[in-house]
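Asker: Got a predicted model here, sequence first, then my questions.
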Amino acid sequence: MYGRLSDGDLIYAPKCIEIGGWKIWNGTAEQYASLGYKPVRYASPEEAPEGYEYTFSWSETAEEIVQTYELVQVGLTAEEALSIIIGEV
């Protein structure tokens, strides 16, 4: 899979590219690179602990585009909200 970043969003390379007036299906890495596309590497985080989830984004190196992730806490549970309201926290 090849792609490029545009304002932090991943734009996937098309299966059919055009180089020198020729249409090429499933081009080589060099052909995609000549059009500004890089290989895309996806992240595989472990399962998020309870009360947390992962947010994903993309970063770019000289050689590839890498999916990154960050563990963030999800909103309060009903029990946590009640504890805050009645002052148990």
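Answerer: Received the coordinates, thanks. Note that the structure is predicted; figures quoted are calculated from it, not measured. Residues are numbered from 1 along each chain as shown.
Asker: How far away from the center of its chain is the least confident helix or strand in the chain by mean pLDDT?
Answerer: Least confident helix or strand, the chain: helix 78-85 with a mean of 80, by mean pLDDT, DSSP states H and E. Taking CA atoms, centre = their mean, to the nearest Å, one finds helix 78-85 lying 34 Å from the centre of the chain it belongs to.
Asker: Ok, stretch 17-36 next?
Answerer: For stretch 17-36, the separation from the chain centroid amounts to 23 Å (computed by CA atoms, centre = their mean).
Asker: low-scoring stretches of this protein, by residue?
Answerer: 76, 88-89 (pLDDT under 70).
Asker: Just the strands from it, written as ranges.
Answerer: Along the chain, the segments classed as strands by DSSP state E run 2-6, 9-12, 16-19, 22-25, 38-41, 52-60, 65-73.
Asker: among those, which is nearest Ile84?
Answerer: When those are compared by CB to CB, strand 65-73 sits nearest Ile84, at 14.3 Å. (Each C-beta comes from the backbone N, C-alpha and C, glycine too.)
Asker: Direction included, what does that closest one pair against?
Answerer: strand 38-41 (parallel), strand 52-60 (antiparallel) (DSSP bridges).
Asker: Pull the residues that contact that strand.
Answerer: Residues outside strand 65-73 that contact it (CB atoms under 8 Å, 6 or more residues apart in numbering) are 3-5, 10, 38-43, 45, 48-49, 51-60.
Asker: if you set the cut-off to 7 Å instead, what comes out?
Answerer: Identification of contacts with strand 65-73 by CB atoms under 7 Å, 6 or more residues apart in numbering yields 3, 5, 10, 38, 40-43, 45, 48, 51-59.
Asker: likewise stretch 26-35?
Answerer: Contacts of stretch 26-35 (CB under 7 Å, 6+ apart): Tyr2, Ala13, Lys15, Ile17, Ile19, Ile24, Pro39.
Asker: again, only this time at 10 Å
Answerer: Stretch 26-35 is contacted by residues 1-4, 13-20, 22, 24, 37-39, 63 when judged by CB atoms under 10 Å, 6 or more residues apart in numbering.
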